[in-house]
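Colleague: my questions concern the predicted model and sequence given below.
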Amino acid sequence: MKINKYITETNRWKGRYGASVKWITIHYTAGIGDTAYGNCQYFSTAYRAASAHFFVDETSIWQSVELEDSAWHCGDAPSRNGCNNLNSIGIEMCSDKDSKGNYYISEETVANTVELVIYLLGRYPDAQLCRHYDVTGKKCPMPWVYNEQLWIDFKERVQEGLPMTAAEKKWVEGIEKKAKDLEKKAEDLSKKNAELEGQLAALGKSSTENLEAVQASIKGIKNEVMPRWGFVDGNMPSWMKPTIKKLVAKGYLKGDKNGNLQLSYQFARALVVLDRAGSFDK
């Protein structure tokens with residue numbers, strides 16, 4: 001991801017007056033076919049009483065205010081969620097209008113914004129996402145206020161692109177170790193099963209209590225080797241949920257007649273890796 005710079009020396013406060021970055025606030029320019037570069041140029045040439053850290057369009061990302069400085073993008077009071085100019089980073093998405101006169105943000109611009117937000121969360125992992133609307137009630141970005149699902153989808157795409165958290169990595173490592181241990185146990189029991197079957201065949205005995213006990217243990221271990229997820233719900237880990245939800249929506253995953261997906265960890269992990277590589281976005 002390339003971030004171009006066209007820094008304004010006028011429309012910003014130098015520094016953050018001791019505040020730390022707690023929010024990343026998403027806006028739209030309310031323009032018609034404007035560009036990220038054009039907006040940076042506009043805010044650099046004269047006092048505008050407004051600004052943003054970044055402007056994003058279909059082909060580029062331009063930075064107008066340094067991250068350590070405060071942009072004038074969401075006001076300082078009153079704030080509905082605690083976000084203000086001093087503790088936030090402002091991102092403006094360039095917009096356009098359709099044939100009916102409604103504002104929209106193109107898919108390319110949204111994709112570039114997702115990439116930028118993921119980068120910023122790498123630098124400020126504790127920051128939260130919000131819209132200008134969530135701060136002051138202003139209908140910005142308008143398309144994502146009138147259609148809440150667009151905002152939900154955006155946040156899910158960001159979450160999907162983030163690396164696993166330390167807690168999720170620890171969980172995965174624990175599952176992988178358990179899987180190896182259980183698979184070894186299943187292998188040992190399978191060998192014992194084969195031995196018992198051979199002994200019973202040689203002796204011609206009809207009693208199969210020991211054999212059935214071993215086979216039951218093997219079945220139980222195979223079911224326990226890895227958890228399986230049937231539905232996109234609270235039991236499904238957050239790192240896989242956006243991918244699985246997307247594939248279900250696209251019809252790539254359907255499950256049985258009841259919609260039960262029965263996803264194993266290994267399969268779900270492979271799907272997430274492919275999704276993050278963009279394999280399902282074509």
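Modeller: In hand now; what should we look at? Residues are numbered from 1 along each chain as shown.
Colleague: from here on, contacts and neighbour counts on C-alpha atoms
Modeller: OK.
Colleague: let me see the mean pLDDT of stretch 52-70.
Modeller: Throughout stretch 52-70, pLDDT has a mean value of 98.
Colleague: I should have written stretch 196-207 there, sorry.
Modeller: For stretch 196-207, the per-residue pLDDT averages 65.
Colleague: again with stretch 124-141
Modeller: Stretch 124-141 shows a mean pLDDT of 96.
Colleague: distance between the ends of that stretch?
Modeller: 22 Å (C-alpha to C-alpha, to the nearest Å).
Colleague: residues making contact with it?
Modeller: With C-alpha atoms under 8 Å, 6 or more residues apart in numbering as the test, stretch 124-141 has contacts from 21-29, 74, 78-84, 121, 145, 155.
Colleague: mark which of these are buried, thanks.
Modeller: Buried subset of the contacts of stretch 124-141 (neighbour count, 16 or more other C-alpha atoms under 10 Å): 21-29, 74, 83-84, 121, 145, 155.
Colleague: quickly check those residues for the two that are furthest apart.
Modeller: The span of the buried ones among the contacts of stretch 124-141, defined through C-alpha to C-alpha, is set by 21 and 145 at 23.8 Å.
Colleague: quick one: the strands in the stretch 101-250 of the chain?
Modeller: Secondary structure of the stretch 101-250 of the chain (DSSP state E, counting those that start in this stretch): strands at 103-104, 128-131, 228-229.
Colleague: let's have those strands in JSON lines, adding distance to residue 6 and mean neighbour count.
Modeller: Converted to JSON lines, these look like this (distance: least, C-alpha to C-alpha, whole Å; neighbours: other C-alpha atoms under 10 Å):
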{"stretch": "strand 103-104", "distance to residue 6": "25", "mean neighbour count": "18"}
{"stretch": "strand 128-131", "distance to residue 6": "24", "mean neighbour count": "19"}
{"stretch": "strand 228-229", "distance to residue 6": "48", "mean neighbour count": "17"}
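Colleague: now those strands as TSV including distance to residue 69?
Modeller: Formatted as TSV, these follow (distance: least, C-alpha to C-alpha, whole Å):
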stretch	distance to residue 69
strand 103-104	29
strand 128-131	18
strand 228-229	45
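Colleague: out of the ones you listed, which comes closest to residue 273?
Modeller: strand 228-229 (17.4 Å).
Colleague: quick one: mean pLDDT for that closest one?
Modeller: On average, strand 228-229 scores 78.
Colleague: tell me, what residue is most central in this protein?
Modeller: Nearest to the mean C-alpha position of the chain, by C-alpha atoms, centre = their mean, lies residue 159 at 1.5 Å.
Colleague: any idea how far that one is from residue 236?
Modeller: 14 Å.
Colleague: got a list of what the residue lying closest to residue 117 once chain neighbours are set aside touches?
Modeller: Nearest residue to residue 117, sequence neighbours excluded (C-alpha to C-alpha, 6 or more residues apart in numbering): residue 158, at 7.1 Å. Under the criterion of C-alpha under 8 Å, 6+ apart, the neighbours of residue 158 are 114-115, 117-118.
Colleague: out of the residues you listed, which is most surrounded?
Modeller: residue 117 (24 neighbours; other C-alpha atoms under 10 Å).
Colleague: circling back to that earlier point, quick one: contacts for the residue nearest to the centre of the chain?
Modeller: When contacts are counted by C-alpha under 8 Å, 6+ apart, residue 159 touches 239, 242.
Colleague: quick check: pLDDT value at it.
Modeller: 87.
Colleague: residue 165 now?
Modeller: 68.
Colleague: check residue 217 too.
Modeller: 64.
Colleague: and residue 24, that's in a helix?
Modeller: No - Residue 24 is assigned strand when assessed by DSSP: H, G, I helix; E, B strand; the rest coil, not a helix.
Colleague: identify the bridge partners of it.
Modeller: residue 89, residue 129 (DSSP bridges).
Colleague: and it, how far from residue 147?
Modeller: Distance of residue 24 to residue 147, computed by C-alpha to C-alpha: 20 Å.
Colleague: also residue 92?
Modeller: Noted for residue 92: a distance of 18 Å to residue 147, by C-alpha to C-alpha.
Colleague: more crowded one of these two?
Modeller: residue 92 (27 against 10).
Colleague: show me what contacts the nearest residue to residue 5 once chain neighbours are set aside?
Modeller: Nearest residue to residue 5 in three dimensions, chain neighbours excluded: residue 63, at 4.7 Å (C-alpha to C-alpha, 6+ apart). Counting by C-alpha under 8 Å, 6+ apart, residue 63 touches 3-7, 40, 53-55.
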